[in-house]
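>>> got a predicted structure plus its sequence, pasted below:
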Amino acid sequence: MTASEVPDDLVLDEAGPGRGRTALVAAVVVGLLAIAFVAVLATRDPSTERSTQSPLLGRVAPAIAGSTLDGRDYAMASERGRWVVVNFFATWCTPCIVEHPELVDFQERHAELGDAAVVSVLFDDEPDRARAFFEREGGEWPVVVDQDGAVSVAYGVARVPESFLVAPDGTVVQRLVGGITAEQLDELLAAYEASAHDAGGGA
Amino acid sequence: MRVLQSPAFRRWSWLVIAALVVVSFVRAGTTDGSPRTDEDRVRAIAATLKCPTCRSQSVADSDSAAARAIKAEITRRVAEGQDADEIRAAIASRFGEDVQLVPGRSGWAGLVWVLPVAALVAGLAAVAAVLARWRRSPRTRASDEDRALVDAALARTRGDEPPEAR
């Protein structure tokens, strides 16, 4: 008997009746897994957008307590009721030097209004250099010396400059990676004030 | 030498080898390999966290400012008596889950640990099922028809008259 004479049903019998179905089930399972894999990857946020996200958003800002450049004790809890810009910086960081006049402008205007404050945290730098920097560039706000980087770890800061906007109720509302401008901060404040006002008026 | 070739000896030698493998795996898995000093613990934890400003370097390997700050934080928390998972979770809660070099044991990340084991078990089960089916299928036995065919062929080669006329 040659192969061409073998009846089709006999071949199927030799292969086993369940084999075709098993292969189909396996193919469907593998296919579904592949689709699920693609779906998971496609729905994740792109890594470029993750830089401005932070696990801290919407949560109470980690406490900042420590001694400042001029040797005084500082506690951020004393700022409750005002907006606080928490700014991480170093004197060796060029974008930090660039953003400094903007912070000076923002702080001076809002110190008069009393609605917002700035606090800087020194990141991986010498207090002496920071003191000289503030004498040269101006700026009248507390600069906390971050012993061992505890504050930067609490805020998840790995690079400078980086800033956080803390609402008057003490929650973190915005993470700003890179240099900031006074205009940008004013716009953010206005936007959050407006939305808070709407929410208050609607309730 | 005959002892070595006896089926009983072969069976027992396989059993002994299997037992040795199982015992060595169990011992390797249960021996306490945890770090002894606080410094060792800090290093071990730092080795499982990714340095946020580096490429493919753990916090333990890196000397960047962020890595040094995280190491200091781990040291503080180890001194407070927190365990490794707690510390890892605390760091990840600030820098994001991406800093975990070793995926967590619970939640979606836990699938990384569960899936390979599940795949292994499923594969072994499939192999066992296939082997069982092979064993169950009956040995082919010559039927009366087959015997008749062979007899006829033999008769033809001997030159006898075929049993049936063509």
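Sure, I can see it.
>>> is B:Trp12 part of a helix or strand, or is it coil?
Following DSSP: H, G, I helix; E, B strand; the rest coil, we place B:Trp12 in the helix state.
>>> burial count for it?
Per other C-beta atoms under 10 Å in any protein chain shown, the neighbour tally for B:Trp12 reads 11. Every C-beta, even on glycine, is put in place using the N, C-alpha and C of the backbone.
>>> can you give me the pLDDT of it?
Note on B:Trp12: pLDDT of 90.
>>> again, but for the one 3 residues further on
On pLDDT, B:Leu15 comes in at 92.
>>> residues near it, how many?
When neighbours are counted by other C-beta under 10 Å, B:Leu15 registers 10.
>>> got it, and A:Leu32?
Counted with other C-beta under 10 Å, the neighbours of A:Leu32 add up to 10.
>>> near chain B at all, the helix or strand where it lies?
If you go by DSSP states H and E, A:Leu32 is part of helix A:19-43. No - figure legend: helix A:19-43 not in contact with chain B (C-beta under 8 Å from any C-beta of the partner chain); closest approach 9.0 Å.
>>> what comes up buried for that helix?
Within helix A:19-43, no residue is scored as buried using 16 or more other C-beta atoms under 10 Å in any protein chain shown.
>>> residues from chain B in reach of chain A?
Neighbours of chain A within chain B, by C-beta under 8 Å from any C-beta: B:52-53, B:65-66, B:68-70, B:72-73, B:76, B:91, B:93-96, B:98, B:133.
>>> try it again at 6 Å.
Chain B has residues B:52-53, B:65-66, B:69-70, B:72-73, B:93-95 near chain A, with proximity defined as C-beta under 6 Å from any C-beta of the partner chain.
>>> which residues does the host helix or strand of B:Val42 contact?
Following DSSP H and E, one finds B:Val42 within helix B:38-46. Helix B:38-46 has contacts (C-beta atoms under 6 Å, 6 or more residues apart in numbering or on different chains) with B:35, B:59-60, B:71, B:74-75, B:78, B:84, B:87.
>>> how long is stretch B:91-99 end to end?
Taking C-alpha to C-alpha, to the nearest Å, the first and last residues of stretch B:91-99 lie 8 Å apart.
>>> in it, what's buried?
By neighbour count on 16+ other C-beta under 10 Å, the buried set for stretch B:91-99 is B:91-92, B:94-96, B:99.
>>> so of those, which ones are in helices?
Among the buried residues of stretch B:91-99, the members falling in helices are B:91-92, B:94-95 (criterion: DSSP state H).
>>> what ranges does chain A have for its strands?
Using DSSP state E, the strands found in chain A span residues A:65-67, A:73-75, A:83-89, A:116-122, A:143-145, A:162-166, A:172-177.
>>> turn the ones you listed into a markdown table, including mean neighbour count, distance to A:Ser54 and mean pLDDT.
Formatted as a markdown table, the strands of chain A follow (neighbours: other C-beta atoms under 10 Å in any protein chain shown; distance: least, C-beta to C-beta, whole Å; pLDDT from 0 to 100):
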| stretch | mean neighbour count | distance to A:Ser54 | mean pLDDT |
| --- | --- | --- | --- |
| strand A:65-67 | 15 | 20 | 86 |
| strand A:73-75 | 14 | 22 | 90 |
| strand A:83-89 | 24 | 12 | 95 |
| strand A:116-122 | 23 | 15 | 95 |
| strand A:143-145 | 20 | 19 | 94 |
| strand A:162-166 | 25 | 8 | 95 |
| strand A:172-177 | 19 | 4 | 93 |
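>>> make a markdown table from the ones you listed and add distance to B:Ala109 to it.
Formatted as a markdown table, those follow (distance: least, C-beta to C-beta, whole Å):
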| stretch | distance to B:Ala109 |
| --- | --- |
| strand A:65-67 | 33 |
| strand A:73-75 | 37 |
| strand A:83-89 | 29 |
| strand A:116-122 | 31 |
| strand A:143-145 | 35 |
| strand A:162-166 | 27 |
| strand A:172-177 | 24 |
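>>> how about those strands in a markdown table, adding distance to chain B?
Putting the strands of chain A into a markdown table (distance: least, C-beta to the nearest C-beta, whole Å) gives the following:
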| stretch | distance to chain B |
| --- | --- |
| strand A:65-67 | 14 |
| strand A:73-75 | 19 |
| strand A:83-89 | 11 |
| strand A:116-122 | 11 |
| strand A:143-145 | 13 |
| strand A:162-166 | 11 |
| strand A:172-177 | 11 |
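>>> biggest separation within the buried residues of stretch B:91-99, which pair?
Greatest spatial distance among the buried residues of stretch B:91-99 (C-beta to C-beta): B:Ile91 and B:Gly96, at 9.7 Å.
>>> got the residues of chain A near chain B?
Near chain B, when you scan chain A using C-beta under 6 Å from any C-beta, you find A:55, A:124, A:148-149, A:152-153, A:156, A:158-159.
>>> which of those fall in helices?
Short answer: the residues of chain A next to chain B in helices (DSSP H) are A:152-153.
>>> and of the residues of chain A next to chain B, the nearest to chain B?
Closest to chain B out of these is A:Gly149 (2.5 Å), distances taken as C-beta to the nearest C-beta.
>>> what residue in chain B comes nearest to chain A?
Here chain B gets closest to chain A at one residue, B:Ala69, 2.5 Å apart by C-beta to the nearest C-beta.
>>> returning to that earlier point: ok, which pair from the residues of chain B next to chain A is furthest apart?
Greatest spacing in the residues of chain B next to chain A, by C-beta to C-beta: B:Ala65 and B:Ser93 (20.2 Å).
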